[in-house]
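Trainee: Quick check, what structure comes out for this input:
(chains A and B)
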Amino acid sequence: MKTQVNLIHHRSWIFPTLLGLLFIISLHIGAVQTSIFAAFNGSSLQKSVLWDLRLPRSLGAMLIGAMLAVSGAALQGIFRNPLIDAGIIGVTTGASFSAVVVLSLSFLLPTAIQHVLGIYILPVFAFIGSLVVCLVIYNFSRRWGKTDVYLLILAGIALNAIFGALTGFIIYLSDDIAIRSFTFWSMGDLGGITWQKLMLIFPVAIFCIVFFLRQVKTLDALSLGDSSAFSMGVSPDRVNRSIIFVSALCVGVAVAFCGAIGFVGLVVPHIIRTWFGPSHRMVIPFSIWGGAILLLLADVFSRTLIQPAELPIGIITSVVGGPFFLYLLFKQKRQLL
Amino acid sequence: MIELKNVSLVKERSTILQNLTLSIRPSRFISIIGRNGAGKSSLLSVLSGEELNYAGEVKVFGQDLRHIPIGDLAKFRAILPQQHIAGFSFSVEEVIELGAFPHSKSEDIVAEKTSEIIKLLSLEKLRSRNIQSLSGGERQKVHFARTLLQVFLSDHPSPFLLLDEPANNLDLSCQQEIFELLKELCNAEKLTVIAIVHDINLAARYSDDFIFLKAGQLLECSPAEQCLKADILENALGHPVDVIYHPCSTCPLIVPKSKLINV
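Mentor: Down below sits the predicted model:
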C-alpha cells in the first residue's frame, strides 16, 4: 500500500504542472501571432485576442473538460461500468436535441420565459434534455434493484438514434443557419466561449466539482453494489439520483456552450484508473485535472492543425475516444458476453 | 433487542410476509429457515431497514426502525448480501477497508482491524489480489470480512450482522471456519448474527435460535432445543426428515427421507 501511495505522490504533481504549461501554450498559440506578454504591452488587436478570445476560451476548455471527465467518472461509478460515457448512453444527444429545439422553435416560447432566462435559455434546456435522458436510462436499465449493462447500452443506442433523428428532422425543416448550428452541436466548438458565458460555466463547474469531490467515499461504497452500499449506510437511490442530476447539469452546460464533445468522460477516468487504481478518492480528483488537460490539449490541436481555420474539437476527441472505446469493449468482451 | 409486531409485507399484490410477531435476543446466533419463496430474504430486508414498505412495527433497541437514519444504523448493523458486485478492480484489502465507511475512525485503527480480520479469515495470500480475479468462494469470504470490519469498528454494545446465505460458494472447510468464528463472536464479542441458512445441519450445529418461515408466515421462533423436531422441520422444509443425534455430541442431525435409499 505504501508503494502505491508513493507512486501517487510522485505522479500527482504532473497534473497541475502539465495544465499550467498547456494553459500558457494555449494562450500563446493561434491564428494571430502573439505572446502572452502582449496582454499588457501589445497592440490593441493582440490584447483583444488574448483577453477577449483566448483567455476565456482556455479557461472554458479547462472547466468544461473537468466537468465532462468528472461527470463521466461519477456515472461510471454509479453504473459500475467503465464503458459508460454521456455520449454513449445518449445524454449528449438528448442535450443537443433540446438545444436545437430551443434554437429552432424559440419563437414558440412565451416572451416572459425568454426574458427571464435570457442567454441562459440554451443551457437550461440542454440541462433538461440531458436530465430526462439520464433518468430514462437509469430507470430503464434497472432490474430488481440492479443495473443491467446490456439494457443500459442498448437503451443508449436507441435514445441516440431517436434524438439524432428528431434533431435531424428539425434541422431538415429549418434554414441554412440552423444547418450550420447542427454541425456545431454534433462536432463541438469552444470558439463561442465569452466572458459572459464563462460567468455561468464557472459557478456551475465549481458546484459540480465540489459536489463530486464530496461523493468519493460514497462512490467507492456503491462500487460494491446497492445492497453492500446500503449496508454501509448509503442510500443508493438518493445518491444515484443526485449524481445523475449533477452529471446531467455538467453535460447540459457543456453541450449548451460547446456542443457535443464526446469521449472525454470515457477516456480520462479510464487512464486515471490505470494510473492510480479504482478508488474514487483518486479517480474523481485526478479526472478533474485530466479532463481539463485533455480538452485544453484538444483545443490547442483544433486551433493549430489546419491553421488559420479550426477543426471542430469533437472530431479530435472522437478520433482518440472511438478507438479507445473499442479497446475497452475488447478488454471487457469476456464480461459482456 | 429486535422486535417485530404484526409485520406484513405486500409486493405487487402478493403477500410476502404475513403478520410476523417475534423478538430476537442479543448475542445469539439466529438462523432463518424456510423453503424457496418463504419470505426469508424479505424478512432480512425488513430487519436491515432496506425494505420500509411494511405494515406493522419493527423496533431495534426500543427505537422504531423507520426513524433510525441509515447512517446511524450502519454503525451497528452490517449486511452480507446474497450476490456480490465487483464493478472495478479493487484489491481485497481495499474492499475490506470499505467496511469502515460508516465509522469515523483513524486510518491506523482501520488498518489494524483490517489486518486482524485478514489474519482471522486466513486471507493473507489474497490481500493484494484484484477482487475481480477471485473465485466465488474467495469473494464471499472477502465480503464477509468487510461486514466483520463494519461491526468490529462499532462502538455499539451489541452490534448485529445480517447474512443472506453466508455459506454460499464456500467449501466445507470454509463453511466450518466462518460459522465457528461467528459462534465465537456471538459469545465473546456480544455480536448478534441473523443468517439465512439452507444447510439445516450447519444451522443446527451452530445456531442458538431458529426462525422458521412458510409462505410468509411464522411457523416457529424459538431456541434450537425446542424447534429442531421432525414435525416442525417437515412442515418448514416441505420434506419428511429424520432427526437423529450425533453419537459423540448432543448436536441433532437432520436426514432427509428418500424413497430410493432406506436408512
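
Trainee: what bits of the stretch 51-200 of chain A have low per-residue confidence?
Mentor: Scanning the stretch 51-200 of chain A with the threshold set as pLDDT under 70 gives A:143-150, A:178, A:181-182, A:184-185.

Trainee: Now do the contacts for the closest residue to chain B within it.
Mentor: For the stretch 51-200 of chain A and chain B, the shortest gap (CB to the nearest CB) falls at residue A:80, measuring 2.8 Å. (Glycine included, C-beta is placed from N, CA and C.) The contact partners of residue A:80, taken as CB atoms under 8 Å, 6 or more residues apart in numbering or on different chains, are A:147, A:222-223, A:225, B:85, B:87-88.

Trainee: Quick check: residues of the stretch 1-150 of chain B near chain A?
Mentor: Counting by CB under 8 Å from any CB of the partner chain, the residues of the stretch 1-150 of chain B close to chain A are B:48-50, B:70-75, B:77-81, B:83-91, B:93-95, B:98-99, B:101-102, B:143, B:146-147, B:150.

Trainee: Just the buried residues from these, in ChimeraX please.
Mentor: One line in ChimeraX is enough to select the buried ones among these; burial here means 16 or more other CB atoms under 10 Å in any protein chain shown:
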select /B:48,49,50,70,73,74,75,77,78,79,80,81,84,85,86,87,88,89,90,91,93,94,95,98,99,101,102,143,146,147,150
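
Trainee: just checking, which of the residues of the stretch 1-150 of chain B next to chain A belong to strands?
Mentor: Taking DSSP state E, the ones among these that sit in strands are B:77-80.

Trainee: Neighbours of the closest residue in space to residue A:288 that isn't next to it in sequence, how many?
Mentor: Leaving aside its sequence neighbours, residue A:288 sits nearest to residue A:66 (CB to CB, 6 or more residues apart in numbering or on different chains; 4.5 Å). Neighbour count of residue A:66, defined by other CB atoms under 10 Å in any protein chain shown: 29.

Trainee: contacting residues for residue A:66?
Mentor: Residues in contact with residue A:66 (CB under 8 Å, 6+ apart) are A:205, A:209, A:287-289, A:291-292.

Trainee: Ok, residue A:87 next?
Mentor: Residue A:87 makes contacts with A:93, A:260, A:262-263, A:265-266, as judged by CB under 8 Å, 6+ apart.

Trainee: Would you verify that it is located in a helix?
Mentor: No. Using DSSP: H, G, I helix; E, B strand; the rest coil, the assignment for residue A:87 is coil, not a helix.

Trainee: where does chain A come near chain B, residue by residue?
Mentor: With CB under 8 Å from any CB as the criterion, chain A comes near chain B at residues A:1, A:79-82, A:146, A:217, A:220-221, A:223-225, A:227-228, A:230-235, A:273, A:277-279.

Trainee: Now that we have the residues you listed, which of them are buried?
Mentor: The buried subset of these - by 16+ other CB under 10 Å - is A:79-82, A:217, A:220-221, A:223-225, A:227-228, A:230-235, A:273, A:277-279.

Trainee: Just the ones in helices from these, please.
Mentor: Among these, DSSP state H puts A:79, A:217, A:220-221, A:227-228, A:230-231, A:273 in helices.

Trainee: does any part of the helix or strand encompassing residue B:193 sit near chain A?
Mentor: Using DSSP states H and E, residue B:193 falls within strand B:192-196. No. Applying CB under 8 Å from any CB, one finds strand B:192-196 separated from chain A by no less than 13.2 Å.

Trainee: what's the following helix or strand after that strand?
Mentor: Past strand B:192-196, the next helix or strand by DSSP H and E is helix B:200-206.

Trainee: For the spatially most central residue of chain A, identify the helix or strand it belongs to.
Mentor: Centroid-nearest residue in chain A, with CA atoms, centre = their mean: residue A:68, separated by 2.2 Å. Per DSSP H and E, residue A:68 falls inside helix A:55-79.

Trainee: before we move on, what about residue A:244?
Mentor: helix A:236-258.

Trainee: and that helix, what does it pack onto?
Mentor: Secondary-structure packing of helix A:236-258 (3 or more CB pairs under 8 Å, 6 or more residues apart in numbering or on different chains; DSSP states H and E): helix A:55-79, helix A:91-105, helix A:121-140, helix A:195-213, helix A:216-222, helix A:226-231.

Trainee: Just the angle for it relative to helix A:91-105, thanks.
Mentor: Between helix A:236-258 and helix A:91-105, the angle comes out at 50 degrees (axes from the mean of the first three to the mean of the last three CA atoms, to 10 degrees).

Trainee: quick check, distance from helix A:236-258 to the centre of its chain.
Mentor: Computed by CA atoms, centre = their mean, to the nearest Å, the separation of helix A:236-258 from the middle of its chain amounts to 10 Å.

Trainee: now the angle from it to helix A:121-140?
Mentor: 150 degrees.

Trainee: Contacts for the helix or strand harbouring residue A:27 next, please.
Mentor: Counting by DSSP H and E, the element that carries residue A:27 is helix A:14-28. Helix A:14-28 has contacts (CB under 8 Å, 6+ apart) with A:34-36, A:39, A:50, A:54-55, A:57-58, A:61-62, A:286, A:289-290, A:292-293, A:296-297, A:299-300.

Trainee: Does residue A:156 touch residue A:89 like I think?
Mentor: Yes. With contact defined as CB atoms under 8 Å, residue A:156 counts as touching residue A:89 (3.7 Å).

Trainee: Mind listing the shared neighbours of these two?
Mentor: Common neighbours of residue A:156 and residue A:89, using CB under 8 Å, 6+ apart, are residue A:137.

Trainee: The helix holding residue A:244: which residues count as buried?
Mentor: Buried residues in helix A:236-258, counted by 16+ other CB under 10 Å: A:236, A:239-240, A:242-244, A:246-258.

Trainee: Now tabulate the contacts of residue A:87 in TSV and tack on neighbour count, distance to residue B:179 and secondary structure.
Mentor: Compiled in TSV, the contacts of residue A:87 are given as follows (neighbours: other CB atoms under 10 Å in any protein chain shown; distance: CB to CB, whole Å; DSSP: H, G, I helix; E, B strand; the rest coil):
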residue	neighbour count	distance to residue B:179	secondary structure
A:93	30	53	helix
A:260	25	56	coil
A:262	25	52	coil
A:263	27	49	coil
A:265	34	45	helix
A:266	27	45	helix
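
Trainee: any idea which of these is the one closest to chain B?
Mentor: residue A:266 (14.7 Å).

Trainee: what stretches of the stretch 151-263 of chain B score poorly on pLDDT?
Mentor: The model of the stretch 151-263 of chain B has pLDDT under 70 over residues B:261-263.

Trainee: State the mean pLDDT of the helix holding residue A:27.
Mentor: For helix A:14-28, mean pLDDT rounds to 92.

Trainee: which ones are touching the closest residue to residue B:147 other than its chain neighbours?
Mentor: Spatial nearest neighbour of residue B:147, chain neighbours left out: residue B:78 (4.0 Å); criterion: CB to CB, 6+ apart. Taking CB under 8 Å, 6+ apart, we find residue B:78 in contact with A:231-232, B:99, B:147-148, B:150-151, B:159-162.

Trainee: And the next helix or strand past the helix holding residue A:27?
Mentor: Following helix A:14-28 toward the C-terminus (DSSP H and E): helix A:38-41.
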